[in-house]
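Visitor: how would this look folded up:
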Amino acid sequence: MNPYLVLDLPPDAGDGDVRSAYQRLLRKYPPEHRPDQFQRIQEAYGLLRTSRERWRWKLLHLKDQRSGPVEALEEFAQLPARMRPPGAKPFLALLKSCAAAAGRDAAKPARKR
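Guide: You can find the predicted model right below:
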């Protein structure tokens, strides 16, 4: 679980941004109506509550976040539309072609020479 995606925050968000996103999502998903969504929001806020916790999470989880085009495509597809940069459609097409090429290469057996 990426807490930045759960709270719909950019990676450089500050304490106030995290707190306001948390409160906004609590109003949108109250615990009595959507307990599973409320639990995810609580866990994400617990991981990003202070700058020290955000730094620790980034240090432990973002270093090996993208290991290939398939993983990058999955992460990019989960981004909210407002966080996608201009020119995202060509980038998404590039990622899809890379993922397709990686899938084709893995499926073909190596040729003996």
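Visitor: which helices and strands sit right next to the longest helix belonging to the chain?
Guide: For the chain, the helix with the greatest residue count under DSSP state H is helix 88-107. Judged by 3 or more Cβ pairs under 8 Å, 6 or more residues apart in numbering; DSSP states H and E, the packing partners of helix 88-107 are helix 69-78. Backbone N, C-alpha and C define where each C-beta goes, glycine included.
Visitor: hmm, back to that, and the longest helix of the chain, what's buried?
Guide: 95, 99 (16 or more other Cβ atoms under 10 Å).
Visitor: same deal with stretch 18-32?
Guide: 18, 21-22, 25, 29.
Visitor: next, Gln23: phi, psi?
Guide: Per-residue torsions, Gln23: phi -70, psi -40 (degrees, to the nearest 10).
Visitor: contacts only, for Tyr45.
Guide: 3, 7, 18, 22 (Cβ atoms under 8 Å, 6 or more residues apart in numbering).
Visitor: Three-state assignment for Arg19, please.
Guide: Classification of Arg19 by DSSP: H, G, I helix; E, B strand; the rest coil places it in helix.
Visitor: circling back: and of the buried residues of stretch 18-32, the nearest to Ala93?
Guide: Ala21 (30.4 Å; Cβ to Cβ).
Visitor: the closest one against Leu7, yeah?
Guide: Yes - Ala21 lies in contact with Leu7 (Cβ atoms under 8 Å); the separation is 4.5 Å.
Visitor: still on that earlier bit, and the contacts of Tyr45 as TSV, adding pLDDT, distance to Trp57 and secondary structure?
Guide: Listed next are those as TSV, based on pLDDT from 0 to 100; distance: Cβ to Cβ, whole Å; DSSP: H, G, I helix; E, B strand; the rest coil:
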residue	pLDDT	distance to Trp57	secondary structure
Pro3	89	7	helix
Leu7	90	12	coil
Val18	93	11	helix
Tyr22	93	15	helix
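Visitor: from those residues, which is closest to Arg54?
Guide: Val18 (7.6 Å).
Visitor: quick one: low-confidence parts of the protein?
Guide: In the predicted model, the chain carries pLDDT under 70 at residues 62-88, 104-113.
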